[in-house]
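>>> Below is the sequence, then the predicted model.
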Amino acid sequence: MRFPALLLASLLAFPVLRAQAPPPPLKEVVERFDAAQAQVQTLQCPFTLTLRRALLTTPTVTKGTLYLQGSDFVHFAFQPPEDLILHLTPKALVSYSPGAKEGEFLKIGIIRNADRKFLGLGQKLSFLSEYFQIGLGESKDVPGTYFLALIPRTLATRKRMQALNLWVDRETFLPRQVQWIERSGDSWLLELGPLKLNQPLPATVTGFKLPEGIPVRKEFSFFATRKK
């Protein structure tokens with residue numbers, strides 16, 4: 001007789017265990033996200049980057065390690081066979097191919113390329129709200145997160161991007177995934193692994209500079225899209 005009672009109890013409990021509380025007001029999420037970001041002096045984690053081109057059916061998947069230092073920089077060190085390092089600061093976007101010994105440099109001005117600042121990483125939502133309208137919802141694709149859809153509000157940003165999407169951890173209020181969708185339909189989905197917070201970063205990262213004497217193009221082809 002105990003089995004049916006236990007079964008009934010488990011069935012009654014199941015919906016309670018599965019139910020999720022509705023998301024808090026957007027204002028609260030923004031404030032808690034900004035507060036969490038403010039506590040992060042340095043961050044290090046593995047990443048997986050999935051690139052989907054609008055004109056291609058097969059996505060490209062790459063992996064590596066991401067480093068972030070406050071509002072100073074975000075640094076992507078890609079794993080082989082990808083020959084690429086990206087170093088992003090509020091003033092410039094830099095890429096370097098160690099094997100090819102070539103680099104790219106794109107300056108960020110007050111207006112020109114301003115929407116590229118950190119690409120949603122290491123930034124407060126209150127700052128991003130100057131460029132995007134923010135909407136809040138649930139995420140079924142990434143359990144344990146809130147989904148923030150950022151739609152461009154300025155003409156300059158709309159000319160370049162369709163959307164910036166953030167998946168924010170419900171416990172830490174730090175990003176778990178970031179997605180950039182270009183005007184062309186090309187998209188980049190960045191998935192972050194376990195975060196190592198406020199630990200010293202390698203000197204090769206904090207002191208990163210393009211080697212002297214290598215060819216440097218005045219562009220940033222990471223976001224280059226195919227013309228239709």
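Nice, I can see it. All of these numbers come straight from a predicted model, not from anything done at the bench.

>>> can you tell me how far Trp188 sits from Val61?
11 Å (CB to CB, to the nearest Å). In short, each C-beta sits where N, CA and C put it, glycine included.

>>> Could you pull out the residues contacting both of the two?
49-51 (CB atoms under 8 Å, 6 or more residues apart in numbering).

>>> Glu28 should be in a strand, yeah?
No - counting by DSSP: H, G, I helix; E, B strand; the rest coil, Glu28 falls outside a strand, being helix.

>>> Geometric centre of this protein: which residue is closest?
Val178 (3.3 Å; CA atoms, centre = their mean).

>>> Tell me if I'm right that it and Leu164 touch.
Yes - assessed by CB atoms under 8 Å, Val178 is found in contact with Leu164 at 7.5 Å.

>>> So which helix or strand of the protein has the lowest pLDDT on average?
helix 2-18 (a mean of 39; mean pLDDT, DSSP states H and E).

>>> tell me, how many neighbours does Ser187 end up with?
18 (other CB atoms under 10 Å).

>>> Identify the bridge partners of it.
Counting by DSSP bridges, Ser187 forms beta bridges with Arg52, Ile181.

>>> any idea how far it is from Gln179?
For Ser187, the distance to Gln179 equals 6 Å [CB to CB].

>>> wait, isn't Val94 in contact with Leu88?
Yes - counting by CB under 8 Å, Val94 does reach Leu88; the two are 7.3 Å apart.

>>> More neighbours: the two, which one.
Applying other CB under 10 Å to Val94 and Leu88 shows that Leu88 carries more neighbours, namely 24 against 20.

>>> Quickly list what the more buried one is bridged to.
Beta-bridge partners of Leu88, as defined by DSSP bridges: Val74, Leu93.

>>> isn't it right up against Ser71?
No - between Leu88 and Ser71 there is no contact under CB under 8 Å: 11.3 Å.
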